[in-house]
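Novice: Provided below are the primary sequence and the corresponding predicted coordinates.
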Amino acid sequence: MVDAWQRHRFFEGLSRALLAVDRPILLTIDNLQWCDQETLAFMTFCLGLAADGPVLVVATTRDDHDPALAAWAVRMRATGQLTEIALDPFEVDDTAALAEAVTGTALSADEAALLHATTGGFPLYIVEAGRADAGAATGDQLVSVLHGRLAQVSAEARDVAGLAAAVGRDVTLDLLTEAADLPADAVVGAVDELWRSRILREVGGGYDFSHDLLRDAAYADVSPPRRWLLHRRVAQGLELLHADDPDAVSAQLAEQYARGGRADRAVDYYRRAATVAACMFAHDEAIRLLEAALEIVGAMPAGRDRTTRELAIVESMTAPLTARHGYGSPLVRDALQRSLALADTLGRRDSVLDALVGLWSSQFVHGDTATAHRTATRALEMVAPDSPLRGPVHFGYAGSAASLGRLTESLEHFALAAEYGGVHALTVGTRADVHGPAWTAHVHWLLGNADRAEEYATGAIERARAIGGVYPLAVALAYGAVTHQLRGDLPELRRVVDELCELCERYSLAYYREWALVLDGWSRDDGTGAALARRGVEALTADGAFARMPYWLSLCADIARREGRPDAARATLDAALASGRARDDAWWLPEVMRMRAAHDDGDAAVARLQDAARLAGEHGSVALLARCHADLTARSVPVAPFGVPPGPDDPRAEANGSQTLRS
């Protein structure tokens, strides 16, 4: 799986290489609507990196571009990096001038008006109509013009044009010669004729049609049986020409075999092409290719072979879906559920376990804590002692147990995860020796050992730096920032959050970027914190990432309290309680209840504090129980035996008495 940080490292390296050129840079892109998401992301990254540099990108696009391009344009306008120049169709005078340039004959006023009315002033229609002496070329008339141009060349040239249309855009003489049922000199002669007729044009080291409509017209002239044969010949030609590196043309091979009726080979090449795309950070393209493979497999006869092929494709799709949409995406959960069902049908134990580990990750991030823990429990019950997924299974079990408030049990399984090692890259996207200790730090703090919590958090960050990866470092910093917030260490929190914010901004790391926003907002006292924290919570909610939501909302409530907005604080705490109870996200609920008691009167406040203390005692959360006892004592209420808070000589008590809430 290729992580988001790797993609942005690639973009950054390429951008810096371009910017290292000691002269102004002009990049031109024709038909921007054909660009994939990764190309658009690269342009955004490059222009952002060279905000003051001599870089100009000139691109053309039609008005009917897709929604993804429209959304990209909106973002670019907002940054001030996009200047748009609308090119309207020609008026009557310009239409007449272009027609005269093409035909060499001036049009009368009536002829110009008629040509403009029939072509709409679009240059392509004017040129084609002029070349064919059609005088008008709209709709079916334009198609006739295009077919008329093809009819004017020789039969061999038309055959080669049909073959080139079957190839697509990347047409080379080598491929045409290999795939055509003609001698090499005849193929060259046909291409020369098509070039002189301006049907083909030189592009790089090969040829392409001078317009998409011409390609469509050439393809339409080929009969369906002939197309079947041409696509097979093109595929065989590609395999011969790229025998040493078929991956380079795997996407073309997949499409050619699909159109040539070889479903089995098409599926194999679609999967190979998807792997190549993912390695190039083109996750949208990888998803598209795998969806094409699924469509072909879906048309195969039902049976074990079809099920086996579908499972392999769906398993391959989970990684690019996760990279593109995030762990909490319903698309990811649907793919994992499908993998699980198919693996069950086939009796594939390892595939079932792999799907369960992935499903746990998606369910947990989405906030389905109890469901995620049931998934982890099922995986734990079936994992073999020598399975490479034993470490990931214990990690998942430990994480959801911690959120359920089963702290001691969680600590035991985090230790087992570290012992077995190997957190599955697909499910959590990081490493056991970083993510495990970073999360374990929170459990140690809750259990009353603040020193141990700091050791684990610091160790995880140091380990991430030694590894050198951006994503493991982001994970370690994010969890470390939470640990410092729990301990009330504001200077260290600010230092870690600043680094985390910079890292997430630089590499566009979602999810942990939202953690950084909330923690950054909580740590500020300049009046800007509430907006930052709210942005973080809203982004997490929009992404369907509800894990730890009671904690995030409690920080927002604390900001509101400090700013003198008690009603907002109370409402936010009520939302935190509702979220925690609805999603079984229990680990922080005693603290939310304690904070909410500050907005109650008299007996209601005492009752809520006692409930909070009772829940903290059930969890074994020494740190939160101590806070509840402190608030009860401050109200001169005898402390009930909900649990025994640490004494002054108990190392578990160290630093846990420090207020997490800032005054």
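Specialist: Sure, I can see it.
Novice: where's residue 111 relative to residue 129, distance?
Specialist: Counting by C-beta to C-beta, to the nearest Å, the gap from residue 111 to residue 129 is 11 Å. Bear in mind the C-beta positions are built from the backbone N, C-alpha and C, glycine included.
Novice: How about residue 253?
Specialist: Distance, residue 253 to residue 129, by C-beta to C-beta: 39 Å.
Novice: if you count what's nearby, which of residue 111 and residue 129 comes out ahead?
Specialist: Neighbour count, other C-beta atoms under 10 Å: between residue 111 and residue 129, residue 129 has more, with 24 against 14.
Novice: Please report phi then psi for the more buried one.
Specialist: For residue 129, the backbone dihedrals are phi -60, psi -40 (criterion: degrees, to the nearest 10).
Novice: quick one: it and residue 115 touch, right?
Specialist: Yes: counting by C-beta atoms under 8 Å, residue 129 touches residue 115, with 6.8 Å between them.
Novice: Could you list the domains of the protein?
Specialist: Following automatic domain parsing, one gets these domains for the chain: 4-79, 92-149, 153-241.
Novice: Looking at these, spot the one closest to residue 381.
Specialist: domain 4-79 (33.3 Å; C-beta to C-beta).
Novice: pLDDT (mean, whole number) over that closest one?
Specialist: Domain 4-79 carries an average pLDDT of 74.
Novice: what does stretch 468-476 give?
Specialist: On average, the pLDDT along stretch 468-476 is 86.
Novice: With only the CA atoms kept, save it in CSV.
Specialist: What follows is stretch 468-476, C-alpha atoms only, in CSV (Å, rounded to 0.1, in the frame of the first residue of the first chain):
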residue,chain,number,x,y,z
GLY,A,468,12.3,8.1,8.9
GLY,A,469,8.8,7.8,7.6
VAL,A,470,6.5,10.8,7.6
TYR,A,471,3.3,8.9,8.3
PRO,A,472,4.7,7.0,11.4
LEU,A,473,6.0,10.3,12.7
ALA,A,474,2.5,11.9,12.3
VAL,A,475,0.9,9.0,14.2
ALA,A,476,3.5,9.3,17.0
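Novice: lowest average confidence, helix or strand, in this structure?
Specialist: Here the helix or strand of the chain ranked lowest by mean pLDDT, DSSP states H and E is helix 425-428, holding a mean of 46.
Novice: Any figure for the gap between the residue nearest to residue 208 when sequence neighbours are not counted and residue 285?
Specialist: Leaving aside its chain neighbours, residue 208 sits nearest to residue 169 (5.2 Å; criterion: C-beta to C-beta, 6 or more residues apart in numbering). Distance, residue 169 to residue 285, by C-beta to C-beta: 15 Å.
Novice: More neighbours: which of those two?
Specialist: Neighbour totals were compared for residue 169 and residue 285, and residue 285 leads with 20 against 14 (other C-beta under 10 Å).
Novice: secondary structure element for that one?
Specialist: helix 283-298 (DSSP states H and E).
Novice: Helix or strand next in line after that helix, which one?
Specialist: Moving toward the C-terminus from helix 283-298, the next helix or strand (DSSP H and E) is helix 304-325.
Novice: Please state the backbone phi and psi of the residue of the chain most remote from its centre?
Specialist: The outermost residue of the chain relative to its centre, with distances by C-alpha atoms, centre = their mean, is residue 108 at 57.1 Å. With angles defined as degrees, to the nearest 10, residue 108 sits at phi -70, psi 170.
Novice: Show the contacting residues for it.
Specialist: Shown in contact with residue 108 (C-beta atoms under 8 Å, 6 or more residues apart in numbering): no residues.
Novice: any idea how far residue 348 is from it?
Specialist: 76 Å.
Novice: next one: residue 601
Specialist: Separation of residue 601 from residue 348 (C-beta to C-beta): 60 Å.
Novice: which residues of the stretch 301-450 of the chain fall in strands?
Specialist: Read by DSSP state E, counting those that start in this stretch, the stretch 301-450 of the chain holds no strands at all.
Novice: Which secondary structure state is assigned to residue 201?
Specialist: Following DSSP: H, G, I helix; E, B strand; the rest coil, we place residue 201 in the strand state.
Novice: just checking, it touches residue 211?
Specialist: No: the criterion here is C-beta under 8 Å, and residue 201 misses it with residue 211 at 9.3 Å.
Novice: More neighbours: which of those two?
Specialist: More crowded of residue 201 and residue 211, by other C-beta under 10 Å: residue 211, with 16 against 12.
Novice: what's the nearest residue to the more buried one if we skip its chain neighbours?
Specialist: Here the residue nearest residue 211, using C-beta to C-beta, 6+ apart, is residue 124, at 6.3 Å.
Novice: How confident is the prediction for the one you found, by pLDDT?
Specialist: Residue 124 is assigned a pLDDT of 73 by the prediction.
Novice: For it, give its distance to residue 290.
Specialist: 35 Å.
Novice: what does residue 216 give?
Specialist: Remark: distance between residue 216 and residue 290 (C-beta to C-beta) = 27 Å.
Novice: now do residue 565
Specialist: For residue 565 relative to residue 290 (C-beta to C-beta), the value is 49 Å.
Novice: Among those two, which residue is more densely surrounded?
Specialist: residue 290 (28 against 15).
Novice: what's near enough to touch the more buried one?
Specialist: Taking C-beta under 8 Å, 6+ apart, we find residue 290 in contact with 270, 271, 274, 313, 316, 317, 320.
Novice: Which of these sits closest to residue 77?
Specialist: For the contacts of residue 290, the minimum distance to residue 77 (C-beta to C-beta) is 28.8 Å, reached by residue 320.
Novice: and the closest one, how many neighbours does it have?
Specialist: Residues within reach of residue 320, counting by other C-beta under 10 Å, total 26.
Novice: Just to check, it is in contact with residue 274?
Specialist: Yes: applying C-beta under 8 Å, one finds residue 320 in contact with residue 274, separated by 7.2 Å.
Novice: What does residue 168 show for phi and psi?
Specialist: phi 110, psi -130.
Novice: in the helix holding residue 285, what counts as buried?
Specialist: 283-290, 292-294, 296-297 (16 or more other C-beta atoms under 10 Å).
Novice: any chance of those residues in JSON lines, plus pLDDT and distance to residue 365?
Specialist: Output for the buried residues of helix 283-298, formatted as JSON lines (pLDDT from 0 to 100; distance: C-beta to C-beta, whole Å):
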{"residue": "283", "pLDDT": "81", "distance to residue 365": "18"}
{"residue": "284", "pLDDT": "86", "distance to residue 365": "21"}
{"residue": "285", "pLDDT": "90", "distance to residue 365": "25"}
{"residue": "286", "pLDDT": "90", "distance to residue 365": "21"}
{"residue": "287", "pLDDT": "92", "distance to residue 365": "19"}
{"residue": "288", "pLDDT": "93", "distance to residue 365": "25"}
{"residue": "289", "pLDDT": "95", "distance to residue 365": "26"}
{"residue": "290", "pLDDT": "95", "distance to residue 365": "22"}
{"residue": "292", "pLDDT": "95", "distance to residue 365": "28"}
{"residue": "293", "pLDDT": "95", "distance to residue 365": "27"}
{"residue": "294", "pLDDT": "96", "distance to residue 365": "25"}
{"residue": "296", "pLDDT": "95", "distance to residue 365": "32"}
{"residue": "297", "pLDDT": "95", "distance to residue 365": "29"}
